[in-house]
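K.L.:
I need the structure of the sequence given here:
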Amino acid sequence: MSVDPMAYEAQFFGFTPQTCMLRIYIAFQDYLFEMMLVVEGVILKKLDGIPGCKISPSQIRKCTEKFLLFMKGHCDKLFAKMEEVLLQLVLNIPKNVLLPEDRVQEQYRYSKEEFRALQDELRQLQEQCRAEAAVEQALRAELEEQAVVKAELEKILQCFDALENICRQNGVGNFKESFALLTENSRKLQDVLKDVEEKSKKLKQHDQLM
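P.N.:
Residues are numbered from 1 along each chain as shown. Below you'll find the model as predicted:
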């Protein structure tokens, strides 16, 4: 059996030539064994019809096996020659033949350096694609966060609207002006509180000195 992988032939036929030859060899061996069994059966029937025949079935079997080995040896030699001829002349694609699906390689030929440059460019493009995908993912996350913040702000605005409606129902004029005034008064109260705390500290320090 040939050790050449014959990959180009396998691409064309859909199977390796060695596999084809192996199947032919196995089928031929099976046919040879079946033929020997048929011949043995015919001989046994003929001997049964001969009166006084002293040849036993076991002797017939030994002779059949010897003849089978003899035939197998000769068939192996013939099959080796047939395999050589088929692999060289029938199941072989010449070196100068290009399959239709590979004609693009003839049209666009590249040297090793050009091929390496294309590989480097491909790697760079892949890295750029990964980076753009990461940026896109980050933008999506940011948009999701903005959507959450927007929803919270809408809730706050709804609360202010509800408070303004309550103020109007209770005779308060403008809620925004009232809220601004309340904020200003709160700041004034904080300033007064700080002033009181500072004066209290100064009094304590004066009492300690006395």
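
K.L.:
give the closest residue to residue 8 in space, chain neighbours not counted.
P.N.:
residue 93 (5.5 Å; Cβ to Cβ, 6 or more residues apart in numbering). Bear in mind the C-beta positions are built from the backbone N, C-alpha and C, glycine included.

K.L.:
any regions of the protein where pLDDT drops low?
P.N.:
The model of the chain has pLDDT under 70 over residues 1-5, 104-108, 160, 163-164, 166-182, 185, 202-210.

K.L.:
center of it, which residue is that?
P.N.:
Closest to where the C-alpha atoms of the chain average out (Cα atoms, centre = their mean) is residue 126, at 16.3 Å.

K.L.:
ok, it - contacts?
P.N.:
Going by Cβ atoms under 8 Å, 6 or more residues apart in numbering, residue 126 touches no other residue.

K.L.:
how about the one 4 residues further on?
P.N.:
With contacts defined as Cβ under 8 Å, 6+ apart, residue 130 is in contact with no residue.

K.L.:
residue 66: neighbouring residues, count only.
P.N.:
10 (other Cβ atoms under 10 Å).

K.L.:
now do the phi/psi pair for it.
P.N.:
phi -60, psi -40 (degrees, to the nearest 10).

K.L.:
any idea how far it is from residue 32?
P.N.:
14 Å (Cβ to Cβ, to the nearest Å).

K.L.:
how near is residue 97 to residue 10?
P.N.:
Looking at residue 97 against residue 10, where the rule is Cβ to Cβ, the gap reads 15 Å.

K.L.:
need the contact list for residue 64.
P.N.:
Counting by Cβ under 8 Å, 6+ apart, residue 64 has contacts 36, 39, 40, 43.

K.L.:
re the thing from before, secondary structure element holding the residue nearest to residue 8?
P.N.:
Counting by DSSP states H and E, there is no helix or strand that carries residue 93.

K.L.:
among the contacts of residue 64, which lie within helices?
P.N.:
36, 39, 40, 43 (DSSP state H).

K.L.:
ok, and the closest non-adjacent residue to the last one?
P.N.:
Read that as residue 43. That would be residue 60: by Cβ to Cβ, 6+ apart, it lies 5.7 Å from residue 43.

K.L.:
now swap in the second one and tell me
P.N.:
Closest residue to residue 39 apart from its sequence neighbours, by Cβ to Cβ, 6+ apart: residue 64 at 7.1 Å.

K.L.:
buried residues in the helix or strand encompassing that neighbour, which are they?
P.N.:
Taking DSSP H and E as the definition, residue 64 sits inside helix 57-85. Buried residues in helix 57-85, counted by 16 or more other Cβ atoms under 10 Å: 60, 64, 68, 72, 79, 83.

K.L.:
the fourth one contacts residue 29, correct?
P.N.:
Put plainly, it is residue 72. Yes. The pair residue 72 / residue 29 is scored as a contact, 7.4 Å apart, by Cβ atoms under 8 Å.

K.L.:
distance of the residue nearest to the centre of the chain from residue 119?
P.N.:
11 Å.

K.L.:
gap between the two ends of stretch 90-109?
P.N.:
Stretch 90-109 stretches 30 Å from its first residue to its last (Cα to Cα, to the nearest Å).

K.L.:
for that stretch, give me every contacting residue.
P.N.:
By Cβ under 8 Å, 6+ apart, stretch 90-109 touches 6, 8, 9, 11, 12, 13, 17, 20, 21.
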